[in-house]
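In: Attaching a predicted model along with its sequence, questions to come.
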Amino acid sequence: MSLIQPSTRPKASQKAPGRRNENNRIYANPLPIIFADEPEHPSVWHKALGLLLPGISLTRILNPHCEGVFDATTRSVWVTDMKHAMTLWQRGFFGKGDLSRSEPSWLARQVNARKQARTGLTSEEVTAKRRAERKQFKLDRARAMAAAAAEAETAFKEEGRVISTVYAADGTRIIPSAATWKPSQPLQEPIRTPSPAESEDEDDNDVPIENVEHLQLTLSEAFFLLWSLDCLSVTHPETGNALSLTQIWCAFQNAHVPSPSPLPNLDPPERRFDNPFLVNYVAYHHYRSLGWVVKNGIKFCVDFLLYKRGPVFSHAEFAIVVCPVYEDPADQESSPFKLQNASPFSWSWLSTLNRVNAQVQKTLIMSYVTIPARSRVSDAVLSSPACFNHYSVREVIVRRFIPARMRD
């Protein structure tokens, strides 16, 4: 059982009611699989089945059956069909757009940029305008500082008075502030001189933009979808044939072994309980099965971020650092893998992690994944996902101790 519980402190809503209701409608389903209720007007077949088998539920399971391509170089699965990609994103926030920060939105951004080019300034022209404003502000501030210093020096020499060089006698600022400064005269808008290429592009504005973005799933996300939910099929990048569960099981483990070929290695891997794919998936599956939305946490120097509902609703509450623990130290000595955080790290590094995540109001969790000893568990169990039953996950919450606030 996990020790992590959602925060109960009230949080102010940051989205307008209309936007919040729209997000609740779009992201209503936490998983790609939907359990549909019984139809309001059941058919004769449904009625007959209900009479013959009264204990059987007639709830329908709607499975999207998405498809992806395995890429061994990036250790990920690419979902190129945007209908499948948006289904996986809107139902559980799986993956990320390869040309976007999270949701696959490259096509929408390109359409908006085309509209902006027709009606307003481009991003480069906006940047040039802001730089001109900053330059003008610095010149005005320098002139005001020089004038105030000269006035103060004159008043001291002639009258012996000491006057402020920041505020006038009526309390107004002499030296302009960046927050309230306005240009004394309107800055000249940048003159657009369309190039021949832009003139040619104007004729192509009505041509539809081809979407070149795809959804990129990590190996843990892809295996959770195809093994736990059975809503994803993974194909070979060269042949296009669907891979079996046994082939995927071998290919995902071999992805962490250096190979000269960019194609997936479908041969049986070396049977090791400390394979990086197995260790990471154990932690990922642990939190996904508890209802959390698990996303990559490299931005905050951690392995995973836990969201209560998803990135569009709120920020992540917890930051997870996966720490592999060998049940038998001899397995670590003979291991070909150098697992991250398997060896004790310094207190300064732990303090750095905690400080970074405390500043963004996230609770740091050390998730210890115990790797079973090869002397106790036979390597034969590694031939299937049944080996996950031999792993265990323990959690330790790390908080900064602040004496002034934690006396009670």
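Out: On my side now, so go ahead.
In: list the contacts for residue 233?
Out: Listed by CB atoms under 8 Å, 6 or more residues apart in numbering, the contact set of residue 233 reads 65, 66, 67, 68, 226, 242, 243. Glycine gets a C-beta too; all of them are placed from N, C-alpha and C.
In: ok, now how distant is it from residue 328?
Out: For residue 233, the distance to residue 328 equals 37 Å [CB to CB, to the nearest Å].
In: Just the buried ones from the contacts of residue 233?
Out: 66, 68, 226, 243 (16 or more other CB atoms under 10 Å).
In: Spell out which helix or strand contains the spatially closest residue to the first one that is not a sequence neighbour, please.
Out: On the basis of CB to CB, 6 or more residues apart in numbering, the spatially nearest residue to residue 66 that is not a chain neighbour turns out to be residue 84, at 3.9 Å. Taking DSSP states H and E as the criterion, residue 84 maps to helix 82-90.
In: And that helix, what's buried?
Out: Buried residues in helix 82-90 (16+ other CB under 10 Å): 82, 84, 85, 87, 88, 89, 90.
In: just the strands in the protein please.
Out: Under the criterion DSSP state E, the chain carries strands at the ranges 34-36, 60-62, 66-71, 76-79, 96-97, 215-218, 232-235, 293-296, 304-307, 318-326, 363-371, 392-398.
In: Report the strands that pair with the first one, each with its relative direction.
Out: Same thing as strand 34-36. strand 60-62 (antiparallel) (DSSP bridges).
In: And the average pLDDT for the partner strand is what?
Out: Strand 60-62 shows a mean pLDDT of 83.
In: Show the low-confidence segments of the protein, by residue range.
Out: 1-3, 5-16, 37-58, 117-125, 165-174, 178-180, 184-206, 405-408 (pLDDT under 70).
In: if we can go back for a sec, could you say what helices and strands the helix holding residue 84 packs with?
Out: strand 66-71, strand 215-218 (3 or more CB pairs under 8 Å, 6 or more residues apart in numbering; DSSP states H and E).
In: Convert it to CSV, retaining C-alpha atoms only.
Out: Below are the C-alpha coordinates for helix 82-90, written out as CSV (Å, rounded to 0.1, in the frame of the first residue of the first chain):
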residue,chain,number,x,y,z
MET,A,82,-3.1,11.5,-34.6
LYS,A,83,-6.5,10.0,-33.8
HIS,A,84,-4.8,7.3,-31.7
ALA,A,85,-2.4,9.9,-30.3
MET,A,86,-5.1,12.2,-29.1
THR,A,87,-7.0,9.3,-27.7
LEU,A,88,-4.1,8.2,-25.6
TRP,A,89,-3.4,11.8,-24.5
GLN,A,90,-6.9,12.8,-23.6
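In: which residues are contacting it?
Out: 26-27, 29, 32, 64, 66-68, 79, 94-95, 97, 103-104, 107, 211, 213-215, 217, 225, 232.
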